[in-house]
Every structure is written in structure tokens, then in C-alpha cells.
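Student: Based on what follows, work out the 3D shape:
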Amino acid sequence: MQASIRCTTGRLNGRTAERHDGRTTGHITHCPNHQIKTEKKSADQSEQYKYRVAMSHISYLIILFYSYLTPFFSPDYSLSVMSAVSEPVAIITGAASGIGLALVKHLIAKGWRVVMADINDVAGLQAAQDLGSDRVVFHKTDVGSWSDQVSLFQRAWQWSGMGRLDLLVANAGIFRPDDICDTGSDDTPKEPALEVLKVDLFSVFYGLKLFVHYSKKNPQPSGKVVVTSSPTGIYPFPFGPEYCSAKHGVIGLVRSMGPRLQKQGIYINAVLPGFVLTGATPAAVSSLVPEDYLTSLGAVCKAYDMFVDDFTHFGQCLEVSVDKVYFSNPPAYCDEAQAFITSEVWTKLD
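Tutor: Here you go, the predicted model:
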């Protein structure tokens, strides 16, 4: 339907008037002057209809919003559900004993919810039960198995209740020396035992890959990863070359991925605890270490706090010796050529 347009001035009788966008708006019946006055009853009715529809939509949204919020203010609403929204969630591997268990207790005391992972389900379940908290759950995990770690992260994601994972403490590790120099008397030596590499190194790759995947699903894509390495990751350790190699590899991973992950809001660092006396420490070894050279679990937990509570460190390695901490930096480049190739050329490919 065309709107009737009446011009009060001018000589435009019988011509078609156009809007500023070039479309026909109506037929001019009389133009006594240059001022055009438009009578648009149908347009007004259309505007009123749009207004009524918009108001009905707004009313519906208000009712919907009110019905959503009402349970939160109800006395019957579960406080545990409300607190779960704000409590951060961590996965700790090797959590059934030693440093791992100490970190579980430490984080729970700070208000975290923790998924304990360990291959020792007897000790792990007992430890979780002894804690007597609904903010901890145990999941049996062989960290050297990709499928086991997939199951662990799925369980943690579901258990969080709100779809969030904030921290991975890749702490699981074993120490089983296998003398490479002992080739035996057979024509062909037996295959080297590489279980240490699976548990101490490969597992960190598995966990990091999964954590990066799930951190992207967080309400705010971000997270922290703290890896338990060792001073043997930066110093020679002839007694356990497999263990030493694994810990060196972990540090290489942390330093290499630190800057890259930081761009995605993920902060990865490593803690290198000194000699910590735990139930798993062989008596023959512990008897050789002077008491004033021992590193306490409390000192180790404080070192982890430096990375868990901080958003400035990434790709860093922190040594813990007795009651002191030291940042361990990579060695200096041998010359400008090596510095350029490593820090300039390869980084441009990222």
C-alpha cells in the first residue's frame, strides 16, 4: 500500500515522490509548496504492532530470568552446589603418597577441589577416605597409559560439576635404575627397561595434551600446569640415567612450551624438589643424607604455591633445596649464531 503524500508548495502534481534511498513512497496529488507532509496510518499501525511484540518478548525474558534466579535465593538450595561454582579444580598425579599427597592436603586447605590420581588404588582410596572431604575424589590411573589419562580427565571434567579444570600437577614418577653397562653374558643383551621414561616423561606429554584440550572449554580458557621434575633434570646423575634423562626431558618440555602456552592463557612451570624423605625412600639412601640437607614437604608446597598463585611465571624451573628456592635458568648461548637460529629462526615458524 502506498502512502498518500501531499505537497503544500511547488508544481509537482502527478509526479511520483521518492525517499532518500530512491524507493517510491507514494503518489503526489497536490504540491502548493516545497514542504512534503506524509500521512502514514498503516506505517503507524505497523510500528505499534512491533512495539507490542517487543514488550511481550521483554516480559517473557524477565519472567524467565526471575524463575532462573529464584532457586539461588531459596533456603533449600544446596550450598555445596553454589560453592562448587567458585572452587577451582585440580588434578594431581602420584597423589596417593609423598609429595603428591602433601599437595592434595595443601590445596584442599586452600579451598580447592582435587582429583587424586595414582596407580596404587588401595593407598589412593584410603588416603581420599582419610581426608574425609567431599572436595576430593580418587581415580585409579596408570599415567604411562594414554587411555588411562583420557579416562582421568573425563572423570575430572564431569566431577567438577561446572565444566572446569584449573590446574594439573604432573607429579607421578618412579625410580628404577637399569644399568646400561650391564649387558650380560648372552650374545644379545636384554632390552633396556624404559618404564621410567613412560611414567616420568611420556605421562607429562599425555597430561599436558589433555589439559590444553580441556582448558579451552573452561568458562575463561586458561589454566596452570606444574610439573614435578628434579635437580637431576639439570645436573648429571650417573646412578640413574633413565631417571635423569626423563627429568631433563621434562624441563625441556616446560621451557619450550612455556612461552607458547602463555599466549593461550596456560602457565606451565616446573618444581625441582631436593631430597625429600618419604615412606618410599630406601633406608640405605636416607641414612647417607645429613638431616640438615633434607628438604621438607612444607618447603616443597610453598614452592608450588609460587606457580599456582602467580600469573607472571611461565616456562620457569624452580629448585627447592632444604628451605630455600632458586630459579634455574637455561645456559647461555655459545655464540650469536646459535642464539639467532634457536631464538629467532625457529620461533618464526610457530
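Student: Please save the CA atoms from whatever helix or strand residue 169 lives in in PDB.
Tutor: Following DSSP states H and E, one finds residue 169 within strand 167-170. What follows is strand 167-170, C-alpha atoms only, in PDB (Å, rounded to 0.1, in the frame of the first residue of the first chain):
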ATOM      1  CA  LEU A 167      45.300 -26.900  37.500                       C
ATOM      2  CA  LEU A 168      47.300 -30.000  36.600                       C
ATOM      3  CA  VAL A 169      50.100 -31.100  38.900                       C
ATOM      4  CA  ALA A 170      52.000 -33.700  36.900                       C
END
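Student: For that strand, what is the distance to the chain centroid?
Tutor: Centre-to-centre, strand 167-170 and its host chain are 9 Å apart (Cα atoms, centre = their mean, to the nearest Å).
Student: do the same with stretch 325-342
Tutor: The chain centroid and the centroid of stretch 325-342 are separated by 28 Å under Cα atoms, centre = their mean.
Student: which stretches of the chain form helices?
Tutor: Secondary structure of the chain by DSSP state H: the helices cover 41-69, 79-86, 98-109, 121-131, 146-159, 195-197, 203-215, 241-262, 283-286, 297-308, 336-340.
Student: Out of those helices, the one nearest residue 233 is which?
Tutor: Among those, the nearest to residue 233 by Cβ to Cβ is helix 241-262 (3.3 Å). From N, CA and C alone the C-beta is placed, and that goes for glycine too.
Student: angle of that closest one against helix 203-215?
Tutor: Here helix 241-262 runs at an angle of 20 degrees relative to helix 203-215 (axes from the mean of the first three to the mean of the last three Cα atoms, to 10 degrees).
Student: Let me see the domain layout of the chain.
Tutor: 1-39, 88-349 (automatic domain parsing).
Student: could I get those domains as CSV with mean neighbour count and mean pLDDT?
Tutor: Below are these laid out as CSV (neighbours: other Cβ atoms under 10 Å; pLDDT from 0 to 100):
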stretch, mean neighbour count, mean pLDDT
domain 1-39, 13, 43
domain 88-349, 17, 94
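Student: Residue 270 is in contact with residue 230, correct?
Tutor: No. The pair residue 230 / residue 270 is not scored as a contact, 9.3 Å apart, by Cβ atoms under 8 Å.
Student: quick revisit: report all helices and strands that the strand holding residue 169 contacts.
Tutor: Under the contact definition 3 or more Cβ pairs under 8 Å, 6 or more residues apart in numbering; DSSP states H and E, strand 167-170 sits against strand 89-93, helix 98-109, helix 203-215, strand 223-228.
Student: Can you name the residues bridging to residue 136?
Tutor: Assessed by DSSP bridges, residue 136 has beta-bridge partners residue 114.
Student: That should have said residue 325, apologies.
Tutor: With DSSP bridges as the rule, residue 325 is bridged to residue 320.
Student: let's have the chain start at 4 instead
Tutor: In the new count, where the first residue is 4, that last one comes out as residue 328.
Student: what's the distance between it and residue 250?
Tutor: 17 Å (Cβ to Cβ, to the nearest Å).
Student: do residue 274 as well
Tutor: For residue 274, the distance to residue 250 - Cβ to Cβ - is 12 Å.
Student: which residues do these two both contact?
Tutor: Any residue near both residue 274 and residue 250 by Cβ atoms under 8 Å, 6 or more residues apart in numbering counts here, and that gives residue 232.
Student: mind listing what residue 162 touches?
Tutor: Per Cβ under 8 Å, 6+ apart, neighbours of residue 162: 92, 118, 140.
Student: Need the helices of the chain in CSV (columns: distance to residue 278).
Tutor: Shown next, in CSV, are the helices of the chain (distance: least, Cβ to Cβ, whole Å):
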stretch, distance to residue 278
helix 44-72, 54
helix 82-89, 38
helix 101-112, 12
helix 124-134, 22
helix 149-162, 29
helix 198-200, 18
helix 206-218, 22
helix 244-265, 14
helix 286-289, 8
helix 300-311, 11
helix 339-343, 34
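Student: Identify whichever of those helices lies nearest to residue 185.
Tutor: Closest among the helices of the chain, using Cβ to Cβ: helix 244-265, at 12.3 Å.
Student: which residues sit against the closest one?
Tutor: With contact meaning Cβ under 8 Å, 6+ apart, helix 244-265 is reached by 176, 178-181, 183, 195-197, 199-200, 203-204, 207-208, 211, 215, 228, 230, 232-233, 235-237, 239-240, 270-273, 275, 317-320, 333, 353.
Student: ok, now stretch 94-101?
Tutor: Stretch 94-101 is contacted from outside by 103-104, 106-107, 110, 117-121, 123, 126-127, 130, 141, 144, 146, 155-156, 159, 168, 170-176, 206, 210, 214, 231, 279, 281-283, using Cβ under 8 Å, 6+ apart.
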